[in-house]
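Participant: missing the sequence, but the structure's below:
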């Protein structure tokens, strides 16, 4: 059974197309690695790459691209709206098929260790790979950004998991870890009252007493004159898409408003939608192996 | 963009494991061809193979396997419960990804022409590939079975599309064609009254005034004491799974019964379930390209 892992490295270069092509070059034309997407943002001055493939092949390609990024990007001259702490800001590994979370964690640690040694780069493990609970959340790890890291990583609680206790002079520091696939799922309401979207968002999200793997905020869709509960589903295998959808419908009744549609932004794993179809059709004893495309990838 | 076609050849051998392995051998270990499944049935004395891959590679492998089947199977000695007319009874090609129905039809005609010439085998085109409307339905083409084919194909209206106007002495005749994927979808009702299942089946199926690409019959699930509307969805891109499901729910109300679940038998294309999830969640502007696995197969 073929193992497939996803990796979504974020690089601190969103403007120079030559550099961008050099950085993604190691992901092209390699057996066992498929470059699905790379999106750059000029304002953020950042690029998000999505690749999938066999764990060992993805690991090799990512370490190679990290080397290119270190050569190409000088963080002392970097500016952009998005928080960042290194040339390779963050490298998450995501289990997709026949890969357990434990294997994804193990792979992330191998990449962190090898890249730290090879490039003399301080690396933090984060999310599922984190070595301590205060290092789980990327925002906390990154706080202080590139400019503040020189001092921060000298503190014992922020000593890097791998590499030197001093920042790389031009590449800063990097976070590497494993996490579940994120699904960006937004549900539209037939009201222009942002307070209602905010209240419902609070009710469905984990921090407000709602669903364990759901982050949510209210958003105004000004052009359409409606509001939206905008969610990040952080583990669709445990908090299913249909569950947050139906719960929003339930909460919306309190305000006399209706759900009028939804959006899925970016990529979504097949299983998140198959699971939803199986729920609504009440399919008994369904196995993902019955999906033709799932079998094709074995 | 990689083209992917499915082929589900049916061979008239379901008992002799040596012969079965010889027949499927051409589908193993070839670049561009993936053997997904082969199921034999002793009572039917028949084997159904499912393979997917690049059209040209699938074509070559299928023609090769047809040659093996002709060597291995002697229809003059064949007996089994399932109707059959040849050693290779039927060879349907099914467009899966980046392949149009027109391309599948063209491929089926190439296979029919080459195999007919190579093996001196009479071949009928059927379903979407049929050369005349009375040849569309496989049951009509096969009527008379192996034993009756010798006389049947001498009639002008049953002259084969390719190959000689005389049966192959030991391999009979073969039907080759293109069709959409079939989804076997059954919906369970909370009653043991088979009349109700039969009536609903009649109402939802095409022949009874129902959905265009839906065949349906009532079935008793004796062990569970309930009945089922058992359907073949013959084109899920035009008659969606959720549509038949919701229509059965609507019709069931007339009899005061409820839908209590469903089954999907065998393989189902991802798109049939993604489409269903997108319907129930009301996802706006969704594209199949957003499904991670769909991108992985490009």
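Facilitator: Structure received. The model shown is predicted, which means the values in this text are computed figures rather than measured ones. Residues are numbered from 1 along each chain as shown, chains lettered A, B, ... in the order given.
Participant: make it CA atoms for all contacts and neighbour counts henceforth
Facilitator: OK.
Participant: can you count the residues close to the closest residue to residue A:108 other than its chain neighbours?
Facilitator: Counting by C-alpha to C-alpha, 6 or more residues apart in numbering or on different chains, residue A:108 lies nearest to residue A:177, which is 5.3 Å off, once chain neighbours are set aside. The number of residues packed near residue A:177 is 27, by other C-alpha atoms under 10 Å in any protein chain shown.
Participant: residue A:43 too?
Facilitator: Taking other C-alpha under 10 Å as the criterion, the count of residues near residue A:43 is 12.
Participant: what of the one 4 residues further on?
Facilitator: Here the number of neighbours of residue A:47 (other C-alpha under 10 Å) works out to 24.
Participant: tell me if residue A:176 really is in a helix.
Facilitator: No. Under DSSP: H, G, I helix; E, B strand; the rest coil, residue A:176 sits outside any helix and is assigned strand.
Participant: so it touches residue A:88, yeah?
Facilitator: No. Judged on C-alpha atoms under 8 Å, residue A:176 makes no contact with residue A:88 at a distance of 9.5 Å.
Participant: still on that earlier bit, quick one: contacts for the residue nearest to residue A:108?
Facilitator: A:91, A:92, A:93, A:105, A:108, A:109, A:125, A:126, A:127, A:128, A:129, A:130 (C-alpha atoms under 8 Å, 6 or more residues apart in numbering or on different chains).
Participant: what do you get if the cut-off is 6 Å, keeping everything else the same?
Facilitator: When contacts are counted by C-alpha atoms under 6 Å, 6 or more residues apart in numbering or on different chains, residue A:177 is found next to A:92, A:108, A:125, A:126, A:127, A:129.
Participant: how close does residue A:210 get to chain B?
Facilitator: Distance check for residue A:210 against chain B: by C-alpha to the nearest C-alpha, to the nearest Å, it reads 19 Å.
Participant: what about residue A:36, which SS state?
Facilitator: The local conformation at residue A:36, judged by three-state DSSP, is strand.
Participant: quick one: it from residue A:160, how far?
Facilitator: From residue A:36 over to residue A:160 the distance is 31 Å, taken as C-alpha to C-alpha, to the nearest Å.
Participant: okay, these two: which has more neighbours?
Facilitator: residue A:160 (25 against 18).
Participant: tally of neighbours for the closest residue to chain B within the stretch 51-200 of chain A?
Facilitator: Per C-alpha to the nearest C-alpha, the residue of the stretch 51-200 of chain A with the smallest distance to chain B is residue A:52, at 7.5 Å. The tally of other residues near residue A:52 (other C-alpha under 10 Å) stands at 27.
Participant: just checking, what packs against the strand or helix carrying it?
Facilitator: Assigned by DSSP states H and E, residue A:52 falls within strand A:46-53. The contact analysis (3 or more C-alpha pairs under 6 Å, 6 or more residues apart in numbering or on different chains; DSSP states H and E) places strand A:46-53 against strand A:4-7, strand A:10-11, strand A:33-41.
Participant: list the strands paired with it, with their directions.
Facilitator: The strands that strand A:46-53 pairs with in its sheet are strand A:4-7 (antiparallel), strand A:10-11 (antiparallel), strand A:33-41 (antiparallel) (by DSSP bridges).
Participant: and those strands, which one is worst for confidence?
Facilitator: Lowest mean pLDDT of those: strand A:33-41, a mean of 93.
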